[in-house]
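In: please find the sequence and the predicted model below.
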Amino acid sequence: MASILYLGTDEGVVTLKSEDGRSWKIEHHGLKDWQVPEVAVSPSAPNKVFAGTRGDGVWLSEDFGATWSKPCYGKRGPGKVRCLTIDPRDPNTLYAGTEPIDVFISKDGAKSWKRLDSVWNVPSVSTITYPVAAVEPHVRDITIDAKEPNTMYVALQVGYMIKTKDGGATWELLNKNLDCDVHTIVLHPEDSNKVFIATGGHDCRAGKAPGRALYFSSDGGENWAPMAAEFKEEYSVPLTIHPKRPNVIYSAVANGQPGQWRKRASGAEAFLIQSMDAGKSWKKLDGEVSRANQSFVEAFAFDPANFDHMYAAQQNGDLFGSEDSGSSWFKLNVKAPHVSDMKAAHA
C-alpha cells in the first residue's frame, strides 16, 4: 500500500507517491497549462481525483492523475474555479465556487452542473469589490454540514460568508464581528454549530475587526469571537481538525498579506499553530516547517491510513511531513510548483 499526495499548483496537478511516507517521487504531472486552486479526491476511490482549474472548469482523473478528461465537455458549467468540494454524504455530488462569484452544483460526478442563482439574492454580493485589479470577487471556500444535509457555508473573498439551510434556495449573510476576508471554513465533527474560520486579516489591518486571523462561532455562524489572539500575526489560510481527535486544530499564520511578503527579505514570517482544546488556546509548533518561515503553509493533509502522519505544503512548493501529529517535522525530498492545495489518499 502506498501513500498518495495530490497537489493543486500553478502548473496543474502533481501526484506524489511514497511506499514509506519518507521517500517520495513525482508519479504524474497533468493539466500543466492551468492553475489548479483546489483538488478533491473521491472518498470511495483514491484513484479518482477532481481538479478545479482557473479557467477551464472541473477536470477528472480516474488513474491517480495520469490522464485527465473534462466530464461536462461542451456543456454549461463552472469556468474559472477557485474552490471545489465533494459532498460528505454523496461522492457524486460536487460544489464548485468560481471567479466571479458563483456556486455550481453537480450531482453526477461533474458531468452536468446547475448554477445556484440564488446566491445573488443576497444584496451585498453585487457590491463586493476586490482590491487586486487582476482578480475578480470570488468564492474562496465551500463547506457542507455532514449532519444537516441542506446546510452549506460559502466564503466570499472580502465579502464575509453566506449560509443556506435549505440546499441553496435561500441564503443569509454572516458578517457579525468577523473579518470580511474569509479563506477557510471548518465545522467541528461532533457539533456542527461550532464553526471555525481562517481569514486574511483585511479588517484587522484596517482596524475594523475584533480579532486577527482566526475566528470561532458556537451558534452556526450567527455570532463570532476571535481565536489565536496569542499571536500578532493576522493572515491565515489553512485550517484543519485532526480526524480522530476533534478538539485538535491546526493552522498557519503570517505577518501581513502576500503583497507585503514579496517586498521584504524575511518573506511571510510564518509559522504553524495548534490548539488542543477546540480553539480556546493555541501554541506555536516548532520544527523545520516553522523555521522555514519565508514561505507560507497553504495546506495540510492527513494520511488516511495513519492519521498521526500529516503533511504541510508551502506556497513555494516545499513539502513537509510529520509522523507524530505535527509535534515534529521533516522536509520531503520533492519540490512542486507554487502550491495552492493538497489532498492525501492511500492506494
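Out: Received the coordinates, thanks.

In: so how far is residue 181 from the nearest residue to residue 194 once chain neighbours are set aside?
Out: The shortest distance from residue 194 to any non-neighbouring residue, by C-beta to C-beta, 6 or more residues apart in numbering, is to residue 188 (3.7 Å). (C-beta placed from N, C-alpha, C; glycine too.) Distance, residue 188 to residue 181, by C-beta to C-beta, to the nearest Å: 22 Å.

In: so which of those two has more stuff around it?
Out: residue 181 (26 against 18; other C-beta atoms under 10 Å).

In: re the thing from before, quick check: phi and psi at the residue nearest to residue 194.
Out: Dihedral pair for residue 188: phi -70, psi 130, per degrees, to the nearest 10.

In: what's near enough to touch it?
Out: 194, 195, 196, 241, 246, 278 (C-beta atoms under 8 Å, 6 or more residues apart in numbering).

In: before we move on, what about residue 42?
Out: With C-beta under 8 Å, 6+ apart, residue 42 has these contacts: 48, 49, 50, 86, 91.

In: which elements pack onto the helix or strand of the chain with the lowest mean pLDDT?
Out: Within the chain, no helix or strand scores below helix 288-291, which has a mean of 89 by mean pLDDT, DSSP states H and E. In terms of contacts (3 or more C-beta pairs under 8 Å, 6 or more residues apart in numbering; DSSP states H and E), helix 288-291 is packed against strand 271-275, strand 330-335.

In: each with direction, which strands does the helix or strand that the last one is followed by pair with?
Out: Per DSSP states H and E, the first helix or strand lying C-terminal to strand 330-335 is strand 339-346. When pairing is defined by DSSP bridges, strand 339-346 lines up against strand 3-9 (antiparallel).

In: next helix or strand past the partner strand?
Out: Immediately after strand 3-9, counting by DSSP H and E, sits strand 12-18.

In: okay, the angle between that following strand and strand 330-335?
Out: 130 degrees (axes from the mean of the first three to the mean of the last three C-alpha atoms, to 10 degrees).

In: where exactly do the strands run in the stretch 201-347 of the chain?
Out: Ranges of strands in the stretch 201-347 of the chain, per DSSP state E, counting those that start in this stretch, are 214-217, 225-227, 235-241, 249-254, 271-275, 283-285, 297-302, 310-314, 318-322, 330-335, 339-346.

In: residue boundaries of the strands in the stretch 51-200 of the chain?
Out: Taking DSSP E, counting those that start in this stretch as the criterion, the stretch 51-200 of the chain carries its strands at 58-61, 81-86, 94-98, 102-106, 114-115, 139-144, 152-156, 161-164, 172-174, 182-187, 195-199.
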